[in-house]
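> Here's my sequence, what's the structure:
(one chain, ligands or ions: 1)
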Amino acid sequence: MHPHIEDYALIGDHQTAALVSRHGSIDWLCLPRFDSPACFAALLGDKDNGNWRIAPKDADTCAHRAYRHDSLVLDTEWETAEGTIRVTDLMPQRDRAPDVVRVVEGLTGRVTVRSTLRLRFDHGSVVPWMRKADDHRVAVAGPDSAWLRSEPLVRTWGKDRATHSEFTVAPGEKVAFVLTWHPSHEPRPRLIDPHEALAASLADWRAWAARCRYDGPHRDAVVRSLITLKALTYAPTGGIVAAPTTSLPEEIGGVRNWDYRHCWLRDSTLTLNALLSCGYHEEAEAWRDWLLRAVAGDPADLQIMYGLSGERRIPEFELPWLSGYEGSRPVRIGNAAVHQRQLDVYGEVADSLFLSRRAGLPHKPHMWRMQRALLDFLRSAWRQPDEGLWEVRGPRRHFTHSKVMSWVAADRAVRTLEHTPLLHGDLDGWRALREEIHQEVCARAYDPVRNTFTQSYGSPELDAALLLIPQVGFLPPDDHRVIGTVDAIREELSHEGFVRRYSSAPVTVAAVDGLPGSEGTFLVCSFWLADALHMTGRTEEARELFERLVGLTNDVGLLAEEYDPVAGRQLGNFPQAFSHVGLVGTALALFGTEEAG
Ligand SMILES: OC[C@H]1O[C@H](O[C@H]2O[C@H](CO)[C@@H](O)[C@H](O)[C@H]2O)[C@H](O)[C@@H](O)[C@@H]1O
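As a prediction, this is how the structure comes out:
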């Protein structure tokens, strides 16, 4: 039986992240990077695909858990007939090797605690050789090794392809476990002090969170979202992953299972804008530098996603030995969408660079050169059909959102030139391009009979991405076509009070995206509806929707990509940057002042 997706909490070290269940089990961890093979993959199979559980003997689920203050340090409390304990989980800021620290502390009574560690390298498929070395248990297989120790030392033994420990704790007594990953050909990794690491991690996060400029209602939810977005940032390069997981299903038992451990230009720019809006400039600068390195070269070769360091090849393949989350197969690694044409990314990149400039980020000469080159390319490319922001696996179309975002690319270039006389570019040409796109979209993507823009030219389908039309400035919020589009989407794409990204009839979803099956409501689209309602003067409704969306966060404030309002369950990769970006954006729109906006 899998825990529900919302039963997980996240810990991470800015290079990778782990999911810890309410049962005290780490069921997902890729080492040493977000996109490395998992050594705990029970999330997508069963415990024989790797997990690490620490819990009182005979206890099933924790009584309570919470992050300590504004940090990524997780406290899980357990109540048993013997007494109570707390397990504190974290991944300390990395020096060289990644560590997972789990500190068990007695609170009341004398509690018997068990640790069961099942390491399975290469996505849950390889059982390592185990040996003892000094006070460590060492697991080795191929390129990977993992070193387990405890302070103080507790009795540990191997059985049934797992490493077991059992001990008791009384009030105030602590047992700290440290699991360290290391390349198997290198000598023993340096030892960290788990208690010092805990104190340092708390101090770092507290200092980081204190910089948040948002001070409105639901501040805790906003700060938790920002911490989550920061946790999805790969510190060595500044790249941002869409989520730390692969193949958590968009439909339980379905095939819509994708690998999100890569850097999408779209998801990253939106993440960056959210961080920037709340005062986080360093992350914005690091990502901009990542972008400049990743996209360097011919603008025609721009990809819609890259690896953490800007790698271009992210081949998609399946892992047949994993049975999938609640049987949702296949489990996929890599993402074939990497080769798609998605014209909206030009607009998102241009908008993000525009906002960075406005926020006062130091100027980089390459940045303007790159923007000019991208725009020159877009001048002809915007007329092409594409796969659009939803990365459909069906035929290419003239997606309205892609054209609107092409308009955004031209608009932001024009406005940059108008405000920055030192920069040079084809101002007249870009103005003409902007006008040409605008005219075509209004003529070919708008249905005057229904008074709504549609998903693609000539199609009857709607698309929740069109809620962004007033937000990006394509048309003013009081334009009757904008109000008509917002109303049509609310009417036709709503499902139990939340919003699907496109057609609500399951039978036609496949027609839109070329995939079998259906999916849940899309959380970022639901936040976009709240934004659009607010912009079109229906602020009370917007607030009511926002309250319901905040109410979907799990007990530690996290959101997956989608939500099934009938089953009352989160769906899709978890936690997802998009959803948390939506939460921050709507909070700012309703209650804040956008620093960079
Ligand atoms: O719907 C099919 C596609 O689903 C995934 O894409 C979604 O996730 C991306 C990352 O968050 C996001 O940028 C995109 O807008 C979403 O549609 C998947 O990655 C694709 O391979 C798949 O075709």
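> pLDDT averaged over stretch 121-128, what's the number?
Average pLDDT, stretch 121-128: 98.
> Then stretch 497-508?
Stretch 497-508 comes out at a mean pLDDT of 77.
> ok, now stretch 77-93?
Per-residue scores along stretch 77-93 average to 97.
> repeat for stretch 96-104
Taken as a whole, stretch 96-104 carries a mean pLDDT of 95.
> Quick one: distance of that stretch to the chain centre.
On the basis of CA atoms, centre = their mean, to the nearest Å, stretch 96-104 sits 23 Å off its chain's mean C-alpha point.
> before we move on, what about stretch 268-283?
Stretch 268-283 sits 14 Å away from the centroid of its parent chain (CA atoms, centre = their mean).
> Any chance you could list what contacts that stretch?
211-214, 222, 225-226, 229-230, 232-233, 238-240, 284, 287-288, 291, 345, 348-349, 351-352, 355-356, 359-361, 577-578, 580-581, 584-585, 588, 592, 594-597 (CB atoms under 8 Å, 6 or more residues apart in numbering). To be clear about C-beta, it is placed using only N, CA and C from the backbone, and glycine gets the same treatment.
> Can you flag which of those residues belong to strands?
233, 239-240 (DSSP state E).
> closest to residue 82 among the residues you listed?
residue 233 (41.1 Å; CB to CB).
> And the strands in the stretch 151-300 of the chain?
Applying DSSP state E, counting those that start in this stretch to the stretch 151-300 of the chain gives strands spanning 156-159, 162-169, 174-183, 233-234, 239-240, 263-264.
> In JSON lines, list those along with distance to residue 2, mean neighbour count and mean pLDDT.
Rendered in JSON lines, the data for those read as follows (distance: least, CB to CB, whole Å; neighbours: other CB atoms under 10 Å; pLDDT from 0 to 100):
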{"stretch": "strand 156-159", "distance to residue 2": "24", "mean neighbour count": "13", "mean pLDDT": "96"}
{"stretch": "strand 162-169", "distance to residue 2": "19", "mean neighbour count": "19", "mean pLDDT": "98"}
{"stretch": "strand 174-183", "distance to residue 2": "23", "mean neighbour count": "21", "mean pLDDT": "97"}
{"stretch": "strand 233-234", "distance to residue 2": "27", "mean neighbour count": "24", "mean pLDDT": "96"}
{"stretch": "strand 239-240", "distance to residue 2": "27", "mean neighbour count": "27", "mean pLDDT": "95"}
{"stretch": "strand 263-264", "distance to residue 2": "26", "mean neighbour count": "29", "mean pLDDT": "98"}
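> and of the ones you listed, who's closest to the ligand?
Of all the strands of the stretch 151-300 of the chain, strand 263-264 sits nearest to the ligand, with 4.5 Å by CB to the nearest ligand atom.
> which other helices and strands contact that closest one?
Helices and strands touching strand 263-264, by 3 or more CB pairs under 8 Å, 6 or more residues apart in numbering; DSSP states H and E, are strand 305-306.
> how about the strand it packs on against the ligand, any contact?
No. Strand 305-306 lies out of reach of the ligand by CB under 6 Å from any ligand atom, never closer than 7.7 Å.
> in its sheet, what does that strand sit against?
The pairing partners recorded for strand 305-306 under DSSP bridges are strand 263-264 (antiparallel).
> which parts of the stretch 251-400 of the chain sit against the ligand?
Counting by CB under 6 Å from any ligand atom, the stretch 251-400 of the chain comes close to the ligand at 258, 260, 264, 266-267, 335, 337, 389-391, 393.
> again, only using 5 Å
258, 264, 266-267, 335, 337, 389-391 (CB under 5 Å from any ligand atom).
> tell me the SS of whichever residue of the stretch 351-500 of the chain sits closest to the ligand?
At 3.7 Å from the ligand, residue 391 is the closest residue in the stretch 351-500 of the chain, using CB to the nearest ligand atom. Three-state assignment for residue 391 (DSSP: H, G, I helix; E, B strand; the rest coil): coil.
> Identify those among the contacts of stretch 268-283 that sit within helices.
222, 225-226, 229-230, 284, 287-288, 291, 345, 348-349, 351-352, 355-356, 577-578, 580-581, 584-585, 588 (DSSP state H).
> Now do the phi/psi pair for residue 115.
Per-residue torsions, residue 115: phi -120, psi 130 (degrees, to the nearest 10).
> ok, it - contacts?
52-54, 102, 163-166, 177.
> again with residue 179
By CB under 8 Å, 6+ apart, the contact list for residue 179 reads 52, 99-100, 102, 117, 146-148.
> hang on, the earlier thing: could you say which of the residues of the stretch 251-400 of the chain next to the ligand is surrounded by the most neighbours?
residue 264 (27 neighbours; other CB atoms under 10 Å).
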